[in-house]
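Peer 1: Attaching a predicted model along with its sequence, questions to come.
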Amino acid sequence: MKKNKIDKIIISLTKWIGITLLLGIIIWSAIFFLKGYRYEQTNDAQVDAYLSPINAKVGGYINKIYYKDNQQVKKGDTLVVIELDEYGLKKDAASAELMSSYTKLPILTANEETQIKSIEVIKAQLSGAKAKLSQQQKEFDRYKNLLADESTTQQKFDNVSASLSITQSDYDQTKASLQVAESKLNDFKSQRNAIKAEIKIKEALLQRQELDIKYTVILAPFDGQIGKKTIQEGQLIQPGQTLAFLVNKREEKWVIANFKETQISNFKIGQAVSIEIDAFPKEKFNGIIESLSPTTGSRYSLLPPDNATGNFVKIIQRIPVRIKLKDTSKKLEKLSAGMNANVYVLKN
């Protein structure tokens, strides 16, 4: 009797389990086909976000690293420090060159003052030479008239004429000396402009060296979470080298869904989208279609397919669709770039 009762209980349980499983399959099938009827869907989708690279502006050996894998950082936090010795020496050299250029100005000023005084002396000499020339010209004219009246000898006239030529030569020489002195003064003024330009260049070079020293300390540009650490202390890095990636948790995130080309014929910009994230299966995320790629995903590959070569096998292509997430920033903070998603686009 007891065995018959147990058999009946087992048969009853088996029957109810079978009925439950059948109902579950029916309900799941109904939901699946209902979704397939109402939605265009794909599980080839991922969350995406901007990854900001942290690059080195100057090269050198890494002195200290102040972050760890996946660490949260604040804007202005020190991430990496590069050894300073070489850049300190370059700054000292640039500073010394700038001081050398500055010392040229007092010397040039003294030369200008000396040249100005020389010009004043030559001008005084020129005035005397001009007066002497005027007097000698008058003497020449007087003897010329006397010679015409036969009141003097030819010898005296020749002596006066020679004196006039000598006086004229002295005057011309003094005048030329004045022009040379003034030209030299202008040269000094040009040198001053050249030295001022040289000083500006060396000031800029010194500022550049100071910037390089500043760049040896690499700071976080904004609040976010650092990625994987791929560098080590003592490592030699080059200018422009990527040291890490920083993700801003509060910045815009979106989903890239790769739909089959047969699914997108009725897609429109602004169309509502429902999203399920594998990491959070109990939550729904909302979005809208922001844009559709102008080409299939295969066209972005390193070696895009060429159907004109070899035998042709038709393969349904996929079109990347960018979906803008519309939920609150607080809700989207927990999403990480690369998370898998299921995307459902309501059919019109």
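Peer 2: It's in.
Peer 1: pLDDT of the strand or helix carrying residue 145, averaged?
Peer 2: Taking DSSP states H and E as the criterion, residue 145 maps to helix 85-148. For helix 85-148, mean pLDDT is 83.
Peer 1: From the contact counts, what lies against that helix?
Peer 2: Applying 3 or more C-beta pairs under 8 Å, 6 or more residues apart in numbering; DSSP states H and E, one finds that helix 85-148 makes contact with helix 154-215. Bear in mind the C-beta positions are built from the backbone N, C-alpha and C, glycine included.
Peer 1: Paired strands for the helix or strand just after the helix it packs on, with orientation please.
Peer 2: As assigned by DSSP H and E, the chain's next helix or strand after helix 154-215 is strand 217-219. The pairing partners recorded for strand 217-219 under DSSP bridges are strand 78-82 (antiparallel).
Peer 1: tell me the angle of the strand it pairs with relative to helix 154-215?
Peer 2: With axes from the mean of the first three to the mean of the last three C-alpha atoms, to 10 degrees defining the directions, strand 78-82 sits at 130 degrees from helix 154-215.
Peer 1: Return strand 78-82 as PDB; C-alpha atoms alone will do.
Peer 2: Only the C-alpha atoms of strand 78-82 are listed here, as PDB (Å, rounded to 0.1, in the frame of the first residue of the first chain):
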ATOM      1  CA  THR A  78      49.700  63.300  -9.800                       C
ATOM      2  CA  LEU A  79      49.900  60.100 -12.000                       C
ATOM      3  CA  VAL A  80      53.500  59.900 -13.200                       C
ATOM      4  CA  VAL A  81      56.700  61.800 -12.400                       C
ATOM      5  CA  ILE A  82      59.600  61.700 -14.900                       C
END
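Peer 1: Same question for it: list its buried residues.
Peer 2: 79-82 (16 or more other C-beta atoms under 10 Å).
Peer 1: Could I get the full set of strands for the stretch 201-348 of the chain?
Peer 2: Using DSSP state E, counting those that start in this stretch, the strands of the stretch 201-348 of the chain run over 217-219, 224-226, 236-237, 242-247, 253-260, 272-277, 280-292, 318-325, 340-346.
Peer 1: Centroid-nearest residue for the protein?
Peer 2: Note on the chain: the residue nearest the mean C-alpha position is residue 57, at 9.3 Å, using C-alpha atoms, centre = their mean.
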